[in-house]
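K.L.:
Predicted model and sequence below, questions to follow.
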Amino acid sequence: MVFSAVQTAPFGAVGVCTEHDSDTGLVFLDHGAPAMAPRDAPAREACRQLGTYFADPRHGFDRPLKVTGTAFQRRIWAAIASVPCGGTSTYGKLARLLESVPRAVGQACGANAYPLAIPCHRVVAASGLGGFAHHTGGYLTGIKRWLLRHEAAFTH
């Protein structure tokens with residue numbers, strides 16, 4: 001994957017992908033990923049907004065996103081985007097709201113190319129943390145836990 005920038009983060013780094021004036025993806029990277037200066041103005045702004053969020057999670061993202069995905073995924077992502085900072089929802093609750101099933105919500109969360117901008121980390125299992133980015137362990141689950149603690153939403 002070609003990044004337009006790599007922004008360091010308290011949990012590792014975030015790879016920023018841009019195309020023209022839009023973000024095309026944000027990718028969580030593990031510790032040790034080297035920082036990379038932004039190549040263009042959109043990547044500079046994305047990194048600025050990431051840095052602002054890491055300093056204060058109440059600051060959201062307003063970058064234009066080149067959203068792909070199915071109509072169903074976009075419906076789920078819109079519902080996820082409505083979960084406020086400091087709050088959570090469950091896969092089951094979103095599934096009932098969208099007349100679907102929890103597994104489909106989880107799959108759409110895992111397909112989200114814009115974590116943080118579309119805060120899928122705020123979707124948890126009914127009995128705990130749940131998965132993250134199609135993983136149930138490892139550094140990605142650690143990132144989800146860090147993000148929720150950063151937002152004061154989850155303390156497990």
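P.N.:
Great, that's in hand. Numbering: from 1, shown residues only.

K.L.:
what about residue 82, how many residues close to it?
P.N.:
12 (other CB atoms under 10 Å). In short, each C-beta sits where N, CA and C put it, glycine included.

K.L.:
meant to ask about residue 69
P.N.:
Using other CB under 10 Å: residue 69 sits among 16 other residues.

K.L.:
and stretch 45-64, how far apart are its ends?
P.N.:
11 Å (CA to CA, to the nearest Å).

K.L.:
The longest helix anywhere in the chain packs against which elements?
P.N.:
Scanning the chain for the helix with the most residues, using DSSP state H, yields helix 41-55. Applying 3 or more CB pairs under 8 Å, 6 or more residues apart in numbering; DSSP states H and E, we find helix 41-55 packed against strand 5-9, strand 12-19, strand 22-29.

K.L.:
would you list those in TSV and tack on distance to residue 129, mean neighbour count and mean pLDDT?
P.N.:
Putting the helices and strands packed on helix 41-55 into TSV (distance: least, CB to CB, whole Å; neighbours: other CB atoms under 10 Å; pLDDT from 0 to 100) gives the following:
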stretch	distance to residue 129	mean neighbour count	mean pLDDT
strand 5-9	19	21	97
strand 12-19	18	21	95
strand 22-29	15	19	93
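
K.L.:
can I assume residue 147 is in contact with residue 124?
P.N.:
No: using CB atoms under 8 Å, residue 147 makes no contact with residue 124, being 11.3 Å away.

K.L.:
So those two - more neighbours on which side?
P.N.:
Legend: neighbour count by other CB under 10 Å for residue 147 and residue 124, higher for residue 147 (25 against 21).

K.L.:
secondary structure class for the more buried one?
P.N.:
For residue 147, the secondary structure call by DSSP: H, G, I helix; E, B strand; the rest coil comes out as helix.

K.L.:
what's the spacing between it and residue 108?
P.N.:
Distance, residue 147 to residue 108, using CB to CB, to the nearest Å: 18 Å.

K.L.:
and what of residue 134?
P.N.:
Taking CB to CB, one finds residue 134 at 11 Å from residue 108.

K.L.:
Farthest from the middle of the chain: give me that residue.
P.N.:
Each residue of the chain has a distance to the centre, and by CA atoms, centre = their mean the biggest one is for residue 99: 23.2 Å.
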